[in-house]
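**Q** Test case, fold it:
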Amino acid sequence: MTKKLVFVCWMFLIGCSLVTYILNGKYLNGTTIRDWITQHSQFVLIIYCVVCAVRGLLMLPATPFIIAGILLFPTKPFLLLFISLGCILVSSLLIYYASRFFNVGSFIEKKYPLKTASVTAKLSRSAGFWFITGWALLPFTPTDLIIYGAGTIKMPVWKVVVPVLLGEAITCSFYIFNGIELKNYIW
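**A** As a prediction, this is how the structure comes out:
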């Protein structure tokens, strides 16, 4: 039932988007979108921050949002890095406490018992701090999942958030500064 509902919602969203494009296609081009974003930059910045902060609860990776930030704010790389890390901090805290509140651990343990046991063992060791840092540093690993795990085993919050920020600071810096250079090279 849930999968059908999600599928129907996606199809509805795609259908609405197509109808909007067909009816207002002349207004939906790169120039008008760029002009709208420029005119409403404060509003766009607030919406971007809110979406980036709550994206972790939905297990959405940060990378597409950082790429979107590069396109939205190409002249402000340090602001984008600050926003990205701030949103990752908020998202990590939301995930950490949500994992306890909603008892996500029992669901994940039932669904993935072997992986859960392996990750829990690695987090519980003294090198858990560095395990989380390395996990957050790798670009294609689900950092939000490790935060859920750490929250579930009741790891101290600072031992989760600090290594996540260390790893993500390096990754985000790489994405942002190289992404802006690549964008400038291409355009």
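**Q** by contact count, what packs against the lengthiest helix in the chain?
**A** When the chain is parsed with DSSP state H, its longest helix is helix 157-186. Packing partners of helix 157-186 (3 or more CB pairs under 8 Å, 6 or more residues apart in numbering; DSSP states H and E): helix 63-72, helix 77-101, helix 128-137, helix 143-152. Every residue, glycine included, has its C-beta placed from N, CA and C.
**Q** Please identify the most buried of those helices.
**A** Of the helices and strands packed on helix 157-186, the one with the most neighbours on average (mean count of other CB atoms under 10 Å) is helix 143-152, at a mean of 24.
**Q** relative orientation of that helix and helix 77-101 in degrees?
**A** 40 degrees (axes from the mean of the first three to the mean of the last three CA atoms, to 10 degrees).
**Q** got the CA coordinates for helix 143-152 in PDB?
**A** Extracted in PDB, the C-alpha atoms of helix 143-152 (Å, rounded to 0.1, in the frame of the first residue of the first chain):
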ATOM      1  CA  THR A 143      26.400   9.200   6.600                       C
ATOM      2  CA  ASP A 144      22.800   9.500   7.900                       C
ATOM      3  CA  LEU A 145      22.600   5.800   8.400                       C
ATOM      4  CA  ILE A 146      25.700   5.800  10.600                       C
ATOM      5  CA  ILE A 147      24.200   8.600  12.700                       C
ATOM      6  CA  TYR A 148      21.000   6.500  13.100                       C
ATOM      7  CA  GLY A 149      23.200   3.700  14.300                       C
ATOM      8  CA  ALA A 150      25.100   5.800  16.700                       C
ATOM      9  CA  GLY A 151      21.900   7.300  18.100                       C
ATOM     10  CA  THR A 152      20.400   3.900  18.500                       C
END
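**Q** Grab the most central residue of this protein for me.
**A** Nearest to the geometric centre of the chain sits Ala62, at 2.6 Å (CA atoms, centre = their mean).
**Q** Let me know the next secondary structure element after the helix or strand hosting Lys4.
**A** Taking DSSP states H and E as the definition, Lys4 sits inside helix 2-24. Remark: after helix 2-24, the chain's next helix or strand is helix 30-39, criterion DSSP H and E.
**Q** Can you tell me which helices and strands that next one packs against?
**A** Counting contacts by 3+ CB pairs under 8 Å, 6+ apart, helix 30-39 is packed against no other helix or strand.
**Q** one step back: go ahead and confirm the residue nearest to the centre of the chain touches Ser84.
**A** Yes. Using CB atoms under 8 Å, Ala62 is in contact with Ser84, at 7.1 Å.
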